[in-house]
Structure formats: C-alpha cells, structure tokens
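Student: sequence first, predicted coordinates after that:
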Amino acid sequence: KAAARDTQLSLHEERDAPGLGRVSVFRLRYTDSQELYFAAAGERLLVFTHPRMDLPTPETLGLWSDKAKSRFGRSKDTGVFSRIRESSEDTAKHSITLSASFLSFGYGALFPALEAFKFRFDGNAWETWALPEAGRRADSMDARAPWTALPKSPSWCAALPVDFNKAADMLRGAFPDKKTAIDSLAAILQPPIAACWYPESKLYTPLFAARLSTAPSVEALGELFERCVGGLEAGILTGEEKAMLLQQQREREEGKEVENPVKARRFEPPLEVLLQRGAHGALWSREVSSRYGIHESSRSAHADKMRSKRFFRVQLALKEGILLFSPDDRLMEKALSTVDKKYPPVADLLGKPDVGLVIYPGNAAELVKLSALESLPADQESLFRQGVSRRLFPSLDKLSAFPPYSLAMPDLRKSSWEKLEWRELRP
C-alpha cells in the first residue's frame with residue numbers, strides 16, 4: 001500500500017516461497033535502466049538484482065548468512081569491511097558505519113587520513129566514532145585549524161586534513177609552467193584548513209582559511225589566482241557585425257528569413273585582477289559573472305563586459321600568516337576584520353582548539369531553508385516547494401532550538417576507532 005503511488009518503489013509481485021509462505025516482492029527503480037528487488041522473509045530482508053532469482057528456503061538461509069558474513073564481516077582475508085566493523089565486544093543496539101570515500105562525494109583529498117565514521121546507539125544516546133586510515137601517519141598534522149581567523153556565528157564549519165600534494169597535482173596538470181610556484185605553496189600550507197558556511201551567504205560560497213608555515217611569494221600567489229579564477233566574459237561584435245545584426249533584426253520584423261545570422265566573433269577576456277597591498281598582507285580580487293552570482297551586474301563598473309546579469313567578487317587574501325579565500329567578498333571583509341581583531345572569531349566559544357566540526361543549528365536551518373527555496377522557484381516547482389515547506393521546514397524549526405556544538409578532531413596518528421566528543425558551546 002505504501003508503494004501504490006510511488007514512481008520508483010512499487011509492488012512487483014506476490015510469490016510463494018518454499019517454507020516461507022506468501023512473500024511480497026518489491027521493485028526499486030534507482031535509475032532509468034536499473035532496478036533492485038527486495039522481499040521480507042521472516043526476520044530477514046532479501047535483496048536481489050533480478051526478479052526471477054529463486055528465493056532461499058529455510059534450509060539455505062543459513063548458507064546465505066554465512067556467505068554474507070564471510071564477505072562483509074570481520075574476516076581479514078575476505079571481509080571487505082573487516083577493518084571498519086565493530087569489535088566482537090560491541091554491544092551497541094544500533095550502529096551505522098560509513099566509509100569516508102562514500103561521504104566525500106569524490107572530494108577524498110579533503111580528508112585523506114580518515115577511513116570511516118561510525119554512529120553508534122548504546123540504548124541511551126548516539127555516539128560518534130572515527131577511524132584513521134591504516135598505515136597513513138599524520139604526525140605533521142596540527143589539530144588546530146585557524147579558528148581565530150573565521151568570523152563567529154557560522155551555520156557550520158569543518159576542519160579538513162587536506163592532502164595538499166594531491167590537490168596540487170590538479171594544478172600542476174592544468175598549469176605545467178607554474179609548477180615551481182605550485183610546489184612552493186603546497187610545501188608551506190599547513191593542514192587542516194577550515195571551511196565555513198554562513199547564513200547570510202550561499203551554500204556554494206563558503207569561506208576557507210589555512211595557515212602558512214612561512215611567508216609565500218606574493219607575486220606567485222597573484223599569478224595562481226589570476227590563472228585559476230575567472231573565465232571568458234561577454235561576446236563582442238565589430239562595428240560591421242553590429243550593423244549586420246541591426247539589418248537582420250529589421251528583416252525578422254518584416255517576416256523575412258535570415259540567412260547566416262550574426263554571432264559573437266570573440267569574447268571579452270577575464271576581467272582584471274585588482275591587488276591591494278598592505279603592511280601585513282595582500283588582497284586579490286576579480287569579478288566573475290555568473291547567473292548564480294550574489295551581486296547584480298549593475299553594481300559593477302564592468303557590467304557591459306559581463307556575460308550574465310549577476311556576478312561574484314572572488315577574493316584571495318594573505319594576512320598575518322593566514323590564507324583566506326571565498327567567492328563571497330562580504331565574508332572576506334568579515335574575515336579580514338576578524339584577523340585584525342575587530343570582529344569576534346569562532347575560536348572565542350570553542351574552549352579547546354582540537355575541533356573538527358562546529359555547528360550552529362539555528363543558522364544551519366536558516367541556510368538550508370533559503371537554499372531550498374531558491375532552488376525551487378514557486379512558479380516552476382510549486383509541488384516540490386509545498387512538500388519541502390510541509391515536511392522539511394518543521395524539522396528544521398525543531399533543529400533551531402538546539403544550542404551550538406563542536407565535535408572533537410580525531411587523533412590521526414592512531415589507527416583504531418576513536419570516540420569523538422561533542423561539546424556544547426556556551427557564550
């Protein structure tokens with residue numbers, strides 16, 4: 001009944017299984033061409049890939065269970081989850097274990113020293129555990145992210161133990177002529193970096209901060225920023241092409257068929273990079289047009305050269321041994337004021353510096369709400385918008401009642417499961 005009107009989940013058939021009685025087989029369509037089938041047999045859930053596969057009998061259920069335990073259990077020889085499974089003494093009522101590669105969505109270079117996370121319920125409360133990657137030492141990792149450079153009251157922040165050499169490989173491939181500058185920067189960046197999202201900004205415009213072990217070359221940083229940030233802007237027509245375009249517009253108005261319509265022959269290059277140098281650092285800035293930009297093009301002196309009605313003012317800053325980056329210049333302004341001690345930092349509430357995650361539930365709920373509404377315009381996605389407002393927003397409102405919390409950073413020098421401490425942040 002639950003699957004009666006679901007386009008992805010449906011009741012496929014009722015089948016007689018020897019020794020198990022009448023069994024309902026459900027079909028789950030998870031792509032346009034791929035399906036998964038499952039059925040409940042006693043206390044077991046059977047999952048299979050083809051509807052005509054024979055269901056096990058009571059006599060063979062045990063054999064299936066033994067094979068599953070061998071494949072997914074603790075066996076060091078065959079168990080694919082042998083290292084990340086709980087110990088045999090674990091008495092948790094519920095336990096959810098997730099591989100870090102699964103959680104990273106392809107961005108594993110952001111936390112390469114972590115193998116898995118576990119959420120465990122002991123009957124009274126949930127616990128959070130982390131498993132550092134075996135055989136990968138992280139002795140050089142400073143567990144204190146640059147929290148003093150990040151403005152207070154974010155939606156959430158995370159300390160990311162980035163492998164800068166892996167990240168630099170991408171830049172080396174894209175800009176082989178800048179290999180020396182890239183290698184020099186990768187050598188002095190100190191993990192972890194901190195990434196923060198704020199309720200007054202967007203999900204896609206976080207603020208990043210990283211510590212540097214020594215002063216970098218300002219010129220090299222500027223060159224990398226100029227090469228990596230920006231793209232071609234508006235298409236430009238010559239005077240002759242403009243005249244032809246006007247002629248074609250008149251012909252269309254008269255109902256005539258236009259042959260070989262005029263198109264832009266070249267594009268504006270990326271807009272200029274502005275550099276402000278001070279006694280203790282530097283600030284690079286470039287305007288980049290995008291339909292998702294946070295500023296209207298009318299606020300730019302380069303509006304006529306932009307290919308969109310909105311733009312970002314992307315900035316990179318070097319100040320007091322801290323490297324800051326964000327597509328949102330408003331967050332950068334706050335961060336620079338924070339480094340100058342003119343604005344309170346996240347660090348003021350943390351107490352202990354060994355923090356891996358900070359979350360302000362009220363601010364997080366606000367950011368998720370605004371993002372959901374922006375991605376579901378009322379005139380285009382009215383049904384989804386109503387569903388989100390009815391189902392998701394009440395849960396977010398409940399989340400807003402919780403105080404801010406921080407989660408301790410795991411000791412990446414270990415190679416066994418470590419329980420992480422959640423700490424309530426009090427002003």
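Tutor: Ah, there it is.
Student: count of neighbours near residue 230?
Tutor: Residues near residue 230, counting by other C-beta atoms under 10 Å, number 19. Backbone N, C-alpha and C define where each C-beta goes, glycine included.
Student: and what of residue 253?
Tutor: Residue 253, neighbours per other C-beta under 10 Å, totals 8.
Student: residue 38 reaches residue 46, doesn't it?
Tutor: Yes - assessed by C-beta atoms under 8 Å, residue 38 is found in contact with residue 46 at 6.3 Å.
Student: quick one, which of the two is more surrounded?
Tutor: Taking other C-beta under 10 Å, residue 38 and residue 46 do not tie; residue 46 has more neighbours (19 against 15).
Student: tell me the contacts of the more buried one?
Tutor: The neighbourhood of residue 46, defined by C-beta atoms under 8 Å, 6 or more residues apart in numbering, consists of 38, 39, 40, 55, 56.
Student: nearest to residue 248, of those?
Tutor: residue 38 (59.7 Å; C-beta to C-beta).
Student: you'd agree the closest one is in a strand?
Tutor: Yes - under DSSP: H, G, I helix; E, B strand; the rest coil, residue 38 falls within a strand.
Student: gap between it and residue 25?
Tutor: Distance of residue 38 to residue 25, given as C-beta to C-beta, to the nearest Å: 8 Å.
Student: related to what we said a few turns ago, now the contacts of residue 46 as a markdown table including distance to residue 158?
Tutor: Formatted as a markdown table, these follow (distance: C-beta to C-beta, whole Å):
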| residue | distance to residue 158 |
| --- | --- |
| 38 | 35 |
| 39 | 40 |
| 40 | 39 |
| 55 | 44 |
| 56 | 44 |
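Student: next, residue 163: phi, psi?
Tutor: Residue 163 has phi and psi values of phi -90, psi 100 when expressed as degrees, to the nearest 10.
Student: how near is it to residue 211?
Tutor: Taken as C-beta to C-beta, the span from residue 163 to residue 211 is 16 Å.
Student: ok, now residue 355?
Tutor: To residue 211, residue 355 is 15 Å away according to C-beta to C-beta.
Student: swap in residue 326?
Tutor: Applying C-beta to C-beta to residue 326 and residue 211 gives a distance of 17 Å.
Student: for residue 370, same thing?
Tutor: Distance from residue 370 to residue 211, by C-beta to C-beta: 31 Å.
Student: okay, those two: which has more neighbours?
Tutor: Shown here are residue 370 and residue 211; by other C-beta under 10 Å, residue 211 has more neighbours (19 against 15).
Student: my read: the more buried one touches residue 190, true?
Tutor: Yes - Residue 211 lies in contact with residue 190 (C-beta under 8 Å); the separation is 4.4 Å.
Student: which parts of the stretch 51-200 of the chain are helices?
Tutor: Taking DSSP state H, counting those that start in this stretch to define them, one finds helices in the stretch 51-200 of the chain at 58-72, 100-103, 164-174, 179-188.
Student: the second one - contacts with which helices or strands?
Tutor: Contacts defined by 3 or more C-beta pairs under 8 Å, 6 or more residues apart in numbering; DSSP states H and E place helix 100-103 against strand 114-121.
Student: each with direction, which strands does the strand it packs on pair with?
Tutor: strand 94-99 (antiparallel), strand 126-132 (antiparallel) (DSSP bridges).
Student: mean neighbour count, these: which tops it?
Tutor: Highest mean neighbour count among the strands paired with strand 114-121 (mean count of other C-beta atoms under 10 Å): strand 126-132, with a mean of 19.
Student: now that one, how far from the centre of its chain.
Tutor: 20 Å (C-alpha atoms, centre = their mean, to the nearest Å).
Student: which residues touch residue 278?
Tutor: With contact set as C-beta under 8 Å, 6+ apart, residue 278 has these partners: residue 319.
Student: flag the shaky bits of the stretch 151-300 of the chain, pLDDT-wise.
Tutor: Confidence mapping of the stretch 151-300 of the chain against pLDDT under 70 gives the ranges 263-265.
Student: let me fix that: the stretch 1-150 of the chain
Tutor: The stretch 1-150 of the chain contains residues with pLDDT under 70 at 1-6, 18-19, 56, 58-62, 64-92, 105-111, 134-144.
Student: can we see that at 90?
Tutor: 1-35, 37-127, 129-146 (pLDDT under 90).
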